[in-house]
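Participant: generate coordinates for the sequence data below:
(2 chains)
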2 protein chains.
Amino acid sequence: MDIREYIEDISRRAKEASVPLRFTRAGEKNRALLLVSELMRKNTTRILEANKKDLERGEASGLTAAFLERLALNSERVEAMAVSVEEIAALEDPVGEVSGVRRPQGFILQKVRVPIGVVAMIFESRPNVTVDAAALCLKSGNAVILRGGKEALQSNLVLASLIREGIGNAGISPDSVQLVERQEHEGVSLLVKQSGLVDLVIPRGGEKLIRAVVEEATVPVIKHYRGVCHLYVDAAADLRMAADVVYNAKVQRPATCNAIETLLVNSRIAEDFLPAVQKKLERVELRGCKKTKTILPDIKEAAEEDYYAEYLDLILAVRIVDSVEEAAAHIERYGSAHTDGIISSGLEAVEKFVDSVDSAVVTVNASTRLSDGGIFGLGAEIGISTDKLHARGPMGIGELTTCKWVVRGDGHIRS
Amino acid sequence: MDIREYIEDISRRAKEASVPLRFTRAGEKNRALLLVSELMRKNTTRILEANKKDLERGEASGLTAAFLERLALNSERVEAMAVSVEEIAALEDPVGEVSGVRRPQGFILQKVRVPIGVVAMIFESRPNVTVDAAALCLKSGNAVILRGGKEALQSNLVLASLIREGIGNAGISPDSVQLVERQEHEGVSLLVKQSGLVDLVIPRGGEKLIRAVVEEATVPVIKHYRGVCHLYVDAAADLRMAADVVYNAKVQRPATCNAIETLLVNSRIAEDFLPAVQKKLERVELRGCKKTKTILPDIKEAAEEDYYAEYLDLILAVRIVDSVEEAAAHIERYGSAHTDGIISSGLEAVEKFVDSVDSAVVTVNASTRLSDGGIFGLGAEIGISTDKLHARGPMGIGELTTCKWVVRGDGHIRS
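Facilitator: Below you'll find the predicted structure:
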């Protein structure tokens, strides 16, 4: 079978599996998920052996320590994956929610929440994404095609086979979850063009991977390019709160997409605030604009590209601005429309910021790190969308569904 | 300016205009729309003169009568466009709707309805699309880039200039509505790749245009490929109602996307129903399967491609099936997931059909022609989506908005 036939075959199987999933009851899906979780626990040794092969091959081929760390499983991580599947089983089923109205003509118009159909996940090396994506898609009634990185192939093969065994035992088609086993790059290009079979592509990984997918896809894509998040400390800010929130937003987990990369400071409080924040952020490398450097002369000057950078590290760009408008304009120009916040006690400044900043999440006197599906009460995330269509910000199982209109008449016609 | 710079310039202006539109109040937007409507009425002669130029050029270049009919304006059609703008002004503003909850950590989480940003409409020859799209986008707080067919260029130039004058008089940036005046085909290819400036592309026209846009776009596209709609007449149908509904769905306006193209008839009632429906549909050419032909021997036999066809004409494919399942499988295979219906008094058959058929709109004992934004109470339509993401089925101003999350804390951090 050539790669084209292989991808078409997988897509067709997924589409077929998606049909009965449309009306599989919540109880059946949950039972399947609990069987998967149980199988993962029972087969921990097998999972770890496969993962060991991936790690050995990865070391031999010179993968970085950070990469190997993301790839590595141990019994705690397997247990965490099993727990995650149980937590997804415990979420409320978003499918089947109905709202309706009787229209003036007398027919009943209903809007019914239904699964999207077939989701293709394209991701890199974390084996837990395999498990989470499969569980979230199954929970929301979608068939899923998983295309993980080749570095995790042995781990993913075992995980996918356990998932398929579990859902098969629950009477659900194993083709509801399929792993793309062949690693030709062309497979990805073909997968994202299966209009009519695949309904949605979710790429997760570096910006380069995501841009390549968007460039080639004819199937709709929901994505998250980058997280260049900002905090703006207003003239009317409580400076102690500001320092605490900035610290949390930068330092608590700098490698996450909702950590801040640039700090914007109002010029009226810059002389008070910047020395305090420098002291608080002692482990962080600051890179400042010219005005910032007059206050903090020992720091490096920020280049233009620093304001575009997603450091994902203990580095923070700093710029002094004169107003909310200037802060909003900076965010519009350099930001990624992910999560941006203001620290201020001034009502007018806050409302102007909230209105002007066109990001998926806007925070007021709060850390950007709160921008998270779990914290928002959506349950486990399939991703964070910096798109504006369909899903914006943290994307849970609700966002893996769509609606269907149902017209219930009694011989109603159009006149 | 080369075409690349020209399209980038338009896109950048649209993006800039979209910023203040985010918080332009409903009253201002409505005032602008009423000024546009007034200007259109006052300038009817100018509009008709420009339209005459398009028609003359169109005739000279050999456009079909049907094409010229779609392109042609007269004073009634100008009045209808002006009224349409007033009706859009009278719709409730979808922007600014807020829902919220206090999360257990104590911060307030709000979901706010906001404009999408910049919409690019790519369409063919109807000048009323220019006006409707501009009005619907402005109403929902979006800047719009209009790229109409070259056949309507003179009409569109006058209409766009009146729209820009009207909204300018209301204090809204004229760049909120821009017409792509240059007609190089490359302009479309460039426009649909303006990620970061353009947020959404809506192509309206033939399937070929839409597929070309999808193939090239990196910006998200919402589209409607085809309307291959079905009615399935079940064994338990009221046959008189069935004939009336089939008649309405096929004959009332056969050129619309929600008219039916294929009739599926349960084998148990086929001998009773088909002769009656043939009589009722006397103006319609029937093309039947082999079994249908044993009952209606004088009709043409349907070829495989008839079941995929969007006739948009007084032609109807007919197939006899043995069950709801077989009907649903036919619709899944040949349909376009637009609007499909069942005629039945049997509860089990109805619910099985509603669950199984994965179309934007499913009708029960009602004409597929009811699948319409106006009939559904959404107001004027910007289009009908056969996509599953963001908008499904009739797409009104609500679907031209997205949401933004706002976190309102008091120094809240992630722990």
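
Participant: and the stretch 101-250 of chain A, which residues reach chain B?
Facilitator: A:101, A:103, A:105, A:107, A:109, A:112, A:114, A:116-117, A:195, A:199-200, A:214-215, A:218, A:220-222, A:238, A:241, A:244-245, A:248-249 (Cβ under 8 Å from any Cβ of the partner chain). All C-beta spots, glycine's among them, are computed from the backbone N, C-alpha and C.

Participant: max-length helix in chain A?
Facilitator: Using DSSP state H, we find that the single longest helix of chain A is helix A:3-21.

Participant: can you name the residue of the stretch 1-150 of chain A nearest to chain B?
Facilitator: A:Phe23 (4.4 Å; Cβ to the nearest Cβ).

Participant: a helix runs through A:Gly264, doesn't it?
Facilitator: Not quite, residue A:264 is Leu, not Gly. No - counting by DSSP: H, G, I helix; E, B strand; the rest coil, one finds A:Leu264 to be strand, located in no helix.

Participant: who's in contact with it?
Facilitator: Listed by Cβ atoms under 8 Å, 6 or more residues apart in numbering or on different chains, the contact set of A:Leu264 reads A:230-233, A:318-321, A:327, A:330-331.

Participant: give the bridge partners for it, please.
Facilitator: In this entry, A:Leu264 is beta-bridged to A:Tyr232, A:Arg319, by DSSP bridges.

Participant: go on, A:Gln178?
Facilitator: Beta-bridge partners recorded for A:Gln178 (DSSP bridges): A:Ile145.

Participant: burial check on it, number of neighbours?
Facilitator: Using other Cβ atoms under 10 Å in any protein chain shown, the number of residues around A:Gln178 comes to 24.

Participant: from the residues of the stretch 101-250 of chain A next to chain B, which ones fall inside strands?
Facilitator: Among those, the members found in strands (DSSP state E) are A:101, A:109, A:112, A:114, A:200.

Participant: test my guess that the second one contacts A:Trp405.
Facilitator: Yes - taking contacts as Cβ atoms under 8 Å, A:Leu109 lies within contact range of A:Trp405: 6.8 Å.

Participant: now do the buried residues in stretch A:337-352.
Facilitator: Neighbour-count burial for stretch A:337-352, counted by 16 or more other Cβ atoms under 10 Å in any protein chain shown, picks out A:337-344, A:349-350, A:352.

Participant: quick check: closest non-adjacent residue to A:Phe23.
Facilitator: Closest residue to A:Phe23 apart from its sequence neighbours, by Cβ to Cβ, 6 or more residues apart in numbering or on different chains: B:Asp355 at 4.4 Å.

Participant: re earlier: which strands or helices does the longest helix of chain A pack on?
Facilitator: strand A:118-122, strand A:143-147, strand A:177-179, helix A:185-191 (3 or more Cβ pairs under 8 Å, 6 or more residues apart in numbering or on different chains; DSSP states H and E).

Participant: contacts for it, please.
Facilitator: A:1, A:115, A:117-118, A:138, A:141-145, A:172-173, A:175-176, A:178, A:180, A:182, A:184, A:186-187, A:190-191, A:194, A:197-198, B:332, B:356, B:358.

Participant: give the residues shared as contacts by A:Leu109 and A:Trp405.
Facilitator: If you check A:Leu109 and A:Trp405 against Cβ under 8 Å, 6+ apart, the residues they both contact are B:Phe376.

Participant: in helices, which of the residues of the stretch 101-250 of chain A next to chain B appear?
Facilitator: Per DSSP H, these map to helices at A:214-215, A:241, A:244-245, A:248-249.

Participant: if any of those are buried, put those into a ChimeraX selection.
Facilitator: Command for ChimeraX that selects the buried part of these, burial taken from 16+ other Cβ under 10 Å:
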select /A:214,241,244,245,248,249
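
Participant: got the domain boundaries for chain A?
Facilitator: Domain assignment for chain A, taken from automatic domain parsing, gives A:3-223+A:391-408, A:229-375.

Participant: tabulate these (TSV), appending mean pLDDT.
Facilitator: Output for the domains of chain A, formatted as TSV (pLDDT from 0 to 100):
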stretch	mean pLDDT
domain A:3-223+A:391-408	95
domain A:229-375	97
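
Participant: ok, A:Glu124 to A:Leu209 distance?
Facilitator: Distance, A:Glu124 to A:Leu209, by Cβ to Cβ, to the nearest Å: 7 Å.

Participant: actually A:Glu186, not the one I typed
Facilitator: Taking Cβ to Cβ, one finds A:Glu186 at 15 Å from A:Leu209.

Participant: of the two, which one has the most company?
Facilitator: Higher neighbour count among A:Glu186 and A:Leu209: A:Leu209, with 17 against 12, using other Cβ under 10 Å.

Participant: residue boundaries of the strands in the stretch 251-400 of chain A?
Facilitator: A:260-266, A:285-288, A:300-301, A:315-321, A:339-343, A:361-366, A:383-385, A:393-395 (DSSP state E, counting those that start in this stretch).

Participant: excluding sequence neighbours, find me the nearest residue to the closest residue to chain B within the stretch 251-400 of chain A.
Facilitator: Relative to chain B, the nearest point of the stretch 251-400 of chain A is A:Ala366 (3.0 Å; Cβ to the nearest Cβ). Using Cβ to Cβ, 6+ apart and skipping the chain neighbours, the partner closest in space to A:Ala366 is B:Gly409 (3.0 Å).

Participant: so who does the one you found touch?
Facilitator: Counted by Cβ under 8 Å, 6+ apart, B:Gly409 has contacts A:363-367, A:370, B:106-108.

Participant: what subset of the residues you listed is buried?
Facilitator: For the contacts of B:Gly409, buried by 16+ other Cβ under 10 Å: A:363-367, A:370, B:107-108.

Participant: pick the one among these closest to B:Leu274.
Facilitator: Nearest to B:Leu274 out of those is B:Ile108 (Cβ to Cβ; 62.0 Å).
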